[in-house]
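**Student:** Give me a model of this one.
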Amino acid sequence: MSFITDAASGIGIATIDGKKTLDVWYPSPALSSSPIQLLDTSKYERKDDVRGCEIKIVKTNIKDLSKHAESVEDAYLRLHLLSTRLVKPRSINLEGIFSILNNVAWTTIGPVLPDKVESVRIYAKKSGMHLTIFSLDKFPRMLDYVTPSGVRIADADRVRLGAYLANGTTVMHEGFVNFNAGTLGKSMVEGRISAGVVIGDGTDIGGGASIMGTLSGGGQEVISVGENCLIGANAGLGISLGNNCIIEAGLYLTAGTKVLLPDGKIIKAKELSGASNLLFRRNSQTGAVEASTKSGNWTGLNSVLHTN
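**Tutor:** The predicted model follows:
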């Protein structure tokens with residue numbers, strides 16, 4: 001996979017506990033070597049006695065986005081670039097980001113190290129505050145850092161920082177969008193868009209549907225879904241789709257799924273990866289997974305897609 005080689009920079013507000021950076025907010029990240037100065041640094045730096053951490057201003061410069069991230073500050077700038085739509089998913093190097101980011105308790109008073117939560121809870125009570133913990137995770141909610149224009153998100157917990165949501169995207173209550181993934185046009189997201197997955201304009205991911213990513217042993221197939229596709233409710237997808245495709249509700253189509261073609265041939269679904277104008281469904285009488293052209297005419301398997 002090729003990445004852009006642009007520089008990036010940003011001036012951010014970081015939460016630092018000892019030698020660990022818990023998070024960084026970049027109000028105006030830039031795809032250049034010259035950071036945009038929006039903050040009066042003298043007004044933000046302070047010590048947070050409740051959480052036992054410091055709030056500091058950081059200046060981050062990335063010389064080449066095709067190289068690995070080198071720090072938490074570097075990683076957060078890359079995630080901000082994605083969610084602010086300055087770069088698209090899979091266009092910058094995010095390899096190794098899990099080993100760089102710290103696991104954090106995301107709370108109503110800001111990020112806290114997990115092993116300090118109980119002491120912070122006591123201190124918060126003494127100060128008249130109630131501590132609510134949203135999650136223990138390495139990635140925060142996108143909306144706590146970036147609010148993209150022209151989108152609707154029913155549940156902020158369901159979209160991670162680093163998600164890319166195009167103008168016109170709606171993410172419903174059970175929808176989920178991971179980092180380095182998202183929508184490239186107006187889309188309805190009622191299912192799961194895993195890390196590394198992008199979907200095209202006019203595509204609908206049905207309720208409970210899941211598109212496989214590359215994390216947690218999900219394989220190395222990077223999945224794209226084209227324009228005007230429908231992935232039915234509770235369906236699953238493990239191959240790429242071209243434009244104007246339909247996956248029947250409840251059908252889980254992995255790369256190894258055996259698919260019956262109109263000409264009687266049986267192939268693995270991965271051989272159809274990237275093809276357009278296909279309808280995938282399970283025959284309710286035989287149980288076989290079938291693929292047919294939406295126009296009803298089958299012109300044979302594309303030789304380019306038939307290379308094993």
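**Student:** Would you check how far apart the nearest residue to V50 once chain neighbours are set aside and C53 are?
**Tutor:** Using CB to CB, 6 or more residues apart in numbering and skipping the chain neighbours, the partner closest in space to V50 is Y123 (5.2 Å). Heads up, the C-betas are built off the backbone N, CA and C, glycines and all. Y123 sits 12 Å away from C53, going by CB to CB, to the nearest Å.
**Student:** More neighbours: these two, which one.
**Tutor:** Each of Y123 and C53 has its neighbours counted (other CB atoms under 10 Å); C53 has more, 23 against 17.
**Student:** give me the beta-bridge partners of that one?
**Tutor:** For C53, the beta-bridge partners under DSSP bridges are D48.
**Student:** The one 4 residues further on too?
**Tutor:** When assigned by DSSP bridges, I57 has beta-bridge partners I13.
**Student:** how many neighbours does it have?
**Tutor:** Quick note: I57 (other CB under 10 Å) scores 16 neighbours.
**Student:** so S32 makes contact with A8?
**Tutor:** Yes. Assessed by CB atoms under 8 Å, S32 is found in contact with A8 at 7.3 Å.
**Student:** Who has more neighbours out of the two?
**Tutor:** More neighbours surround A8 than the other of S32 and A8, with 26 against 13 (other CB under 10 Å).
**Student:** need the contact list for the more buried one.
**Tutor:** Counting by CB atoms under 8 Å, 6 or more residues apart in numbering, A8 touches 29-32, 61-62, 65, 77-78, 81, 86.
**Student:** could you redo the last one with a cut-off of 10 Å?
**Tutor:** By CB atoms under 10 Å, 6 or more residues apart in numbering, the contact list for A8 reads 26, 29-33, 35, 60-65, 74, 77-78, 80-81, 86-87, 92.
**Student:** Quick check on those: which are buried?
**Tutor:** Buried members of the contacts of A8, scored by 16 or more other CB atoms under 10 Å, are 26, 29-30, 35, 60-62, 65, 74, 77-78, 80-81, 86-87, 92.
**Student:** Out of those, name the ones that lie in helices.
**Tutor:** If you go by DSSP state H, these have 74, 77-78, 80-81 in helices.
**Student:** Any chance of CSV for the residues you listed, columns pLDDT and distance to A291?
**Tutor:** Output for those, formatted as CSV (pLDDT from 0 to 100; distance: CB to CB, whole Å):
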residue, pLDDT, distance to A291
D74, 98, 44
L77, 98, 43
R78, 98, 38
H80, 98, 40
L81, 98, 38
